[in-house]
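1. Quick one, fold the following:
(one chain, ligands or ions: 1)
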Amino acid sequence: MIRFLTAGESHGKALTALVEGFPSNLKIENEYINFHLKRRQMGYGRGQRMKIETDTAEILSGIRFQKTLGTPISLLVKNRDWDNWVEKMTSDKRKAKVEKITIPRPGHADLVGISKYNFNDIRNSIERSSARETAARVAACSIARRFLEEFGISIGSFVESIGGIFPKKNYSEKLFNNDLPKNFTGWSLSELSDKSDVRVLEKEHELKIINKIKTAKKRGDTLGGTFYTVATGLPVGLGSFIQYDTKLDAEIAQSIMSINAVKAVSIGTGYEAAEKFGSESHDEIIKTKEGFSRKTNRAGGIEGGTSTGLPIIVKAAMKPIATLMSPIESVDLATMKSVDARRERSDFVAVPACAVIAESMLAWSIAKFFLDKFGGNSIEETKDNYRNYIKKLNNRIKSNFKNKR
Ligand code: EPS
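-> Just a heads-up that it's a prediction; the model follows:
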């Protein structure tokens, strides 16, 4: 079983991640992790912080000569901004007068945090609930992403809308209709969206969104949006219908929903399926040279909690960022008077970053179920198990049903 934990505060010294359970001999280069960390920092609408940070991961353990040892991998992402926060965030004795934060921001974890943990300073909640933590996740999950690449599984994403601005073309239709170019992969999708400042697939759409973000900035406001994350190259059979926690769609929903500010996750046609007839919702089964496929992929690559082998299609919605420069109403806990919510340096829009984080979390969830099925202590062993399953799969189906024909 693979697992990871992260630690670290937004303005603390560093973020760390501890990753466990990957087989030995998986090739992973530092630059690979840093490449994905950089992708997380992109996007029009980010705040001043992204100009300060150049996120890179230092590998502290678990990798030797660019290959995993099968031992716990620990990663360190330093916060460059730390130098400006030492007095406010030191683990040592307080040496300077540090202002306490007493006005919670609606939509952030400020009020629930101080209520639950019995704090007298909202800073104590702000720090860990900040989406800065996702830098450590992207670092950790890049091990999973690299692992999946060994099996031809690739992951990508694009932004569908920001602030309610949708593209002219309906790109999700192409995914649901399984109407994709032969060389389409998850990553080929990201190669396209990486070129856009807001991870969209059309220039005109990009310009409209950037204008809307400019309006939001002028208003001192923020925006959310929707995005798709897609994984290709999966074998049939990851996950199962046996228990609530063995279902691949349930695992994916949990991991995407865990990303800061995500308020909805759907798989395949999701909410739309509820409005259709069954005949318009399901994916007809067809025979191919290799085995079986589907005419369409409205199920988003998962049936009965199990991967069908078609692309996994996940949509998610991110709410607008909670920190507003023209704030809405809150209460000052020091005076118990109604006041404007506190301003704190933040982003205006982080939907493009959220899509990259979702790629990472999707990679994690798929790798978890992949290793659950194929196991192996070394990558060579995992590959043997995988190849054996793939090689025999279709013949097994044929021979199991032979006498019924
Ligand atoms: C950050 C995400 C956001 C940024 C943060 C860095 O976190 P939050 O959820 O707290 O708004 O605003 O930067 C700051 C907190 C800051 O000091 O600017 C990230 O993804 O790295």
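2. Do a quick rundown of the helices in the stretch 51-200 of the chain.
-> Using DSSP state H, counting those that start in this stretch, the helices of the stretch 51-200 of the chain run over residues 86-89, 110-117, 123-129, 134-149, 171-176, 186-193.
3. highest average neighbour count across those helices?
-> Most buried of those, by mean neighbour count (mean count of other CB atoms under 10 Å): helix 134-149, with a mean of 25. In short, each C-beta sits where N, CA and C put it, glycine included.
4. interface residues of the chain facing the ligand?
-> Proximity of the chain to the ligand, by CB under 6 Å from any ligand atom, involves residues 10, 47, 49, 130-132, 134-135, 260, 321, 323, 345-347.
5. and G270, what are its phi and psi?
-> phi 50, psi -120 (degrees, to the nearest 10).
6. swap in F277?
-> Dihedral angles for F277 - degrees, to the nearest 10 - are phi -70, psi 160.
7. G301 versus that one, what's the distance?
-> 22 Å (CB to CB, to the nearest Å).
8. more crowded one of the two?
-> Taking neighbours as other CB atoms under 10 Å, F277 and G301 compare with G301 leading, 28 against 7.
9. show me the contacts for that one.
-> Residues near G301 by CB atoms under 8 Å, 6 or more residues apart in numbering: A231, L234, I267, G268, S307, T308, G309, L310, P311, I312, I313.
10. List the contacts of L5.
-> The contact partners of L5, taken as CB under 8 Å, 6+ apart, are A17, L18.
11. Would you indicate which residues of the helix or strand where it lies are buried?
-> Using DSSP states H and E, L5 maps to strand 3-7. By neighbour count on 16 or more other CB atoms under 10 Å, the buried set for strand 3-7 is F4, T6.
12. pLDDT (mean, whole number) over it?
-> Average pLDDT, strand 3-7: 98.
13. List the strands paired with it, with their directions.
-> When sheet partners are counted by DSSP bridges, strand 3-7 sits next to strand 14-20 (antiparallel).
14. Show the average pLDDT along the strand it pairs with.
-> pLDDT averaged over strand 14-20 gives 98.
15. CA atoms of it as CSV?
-> Extracted C-alpha coordinates of strand 14-20, given in CSV (Å, rounded to 0.1, in the frame of the first residue of the first chain):
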residue,chain,number,x,y,z
ALA,A,14,9.6,24.5,4.6
LEU,A,15,7.0,21.9,3.5
THR,A,16,7.9,18.3,3.6
ALA,A,17,6.4,15.1,2.3
LEU,A,18,7.0,11.5,3.3
VAL,A,19,6.1,9.0,0.7
GLU,A,20,6.1,5.2,1.2
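16. and it, how far from the chain's centre?
-> 16 Å (CA atoms, centre = their mean, to the nearest Å).
17. Same check on stretch 99-117?
-> Mean C-alpha position of stretch 99-117 versus that of the full chain (CA atoms, centre = their mean) differs by 25 Å.
18. Endpoints of it, how far apart?
-> End-to-end distance for stretch 99-117, by CA to CA, to the nearest Å: 19 Å.
19. For the helices of the stretch 51-200 of the chain, please prepare TSV with the additional fields mean pLDDT.
-> As requested, the helices of the stretch 51-200 of the chain are exported to TSV (pLDDT from 0 to 100):
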stretch	mean pLDDT
helix 86-89	96
helix 110-117	98
helix 123-129	97
helix 134-149	98
helix 171-176	96
helix 186-193	98
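20. so which of these gets nearest G70?
-> Each of the helices of the stretch 51-200 of the chain was scored for nearness to G70 using CB to CB, and the closest is helix 134-149 (12.0 Å).
21. residues of the helix or strand where D249 lies that come out buried?
-> Using DSSP H and E, D249 maps to helix 248-257. Burial within helix 248-257, assessed by neighbour count using 16+ other CB under 10 Å, is assigned to L248, D249, A250, E251, I252, A253, S255, I256.
22. Just the CA atoms from that helix would do, formatted as CSV, please.
-> Extracted in CSV, the C-alpha atoms of helix 248-257 (Å, rounded to 0.1, in the frame of the first residue of the first chain):
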residue,chain,number,x,y,z
LEU,A,248,-11.8,3.6,-7.8
ASP,A,249,-14.3,6.4,-8.4
ALA,A,250,-14.8,6.8,-4.6
GLU,A,251,-11.1,7.0,-4.1
ILE,A,252,-10.7,9.6,-6.9
ALA,A,253,-13.6,11.7,-5.6
GLN,A,254,-12.0,11.8,-2.1
SER,A,255,-8.6,12.7,-3.4
ILE,A,256,-9.8,15.5,-5.7
MET,A,257,-12.3,16.8,-3.1
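23. just checking, next helix/strand downstream of it?
-> Using DSSP H and E, the helix or strand that follows helix 248-257 in sequence is strand 262-267.
24. Over the helix or strand following that next one, what's the mean pLDDT, rounded is fine.
-> Next helix or strand after strand 262-267 toward the C-terminus (DSSP H and E): strand 285-287. For strand 285-287, mean pLDDT is 95.
25. which other helices and strands contact the next helix or strand after strand 285-287?
-> Following strand 285-287 in sequence order, the next helix or strand is strand 292-294 (DSSP H and E). Packing partners of strand 292-294 (3 or more CB pairs under 8 Å, 6 or more residues apart in numbering; DSSP states H and E): strand 285-287.
26. Direction included, what does the strand it packs on pair against?
-> strand 292-294 (antiparallel).
27. hmm, who's touching the strand it pairs with?
-> Defining contact as CB under 8 Å, 6+ apart, one finds that strand 292-294 is touched by N178, D283, E284, I285, I286, T308, G309, L310.
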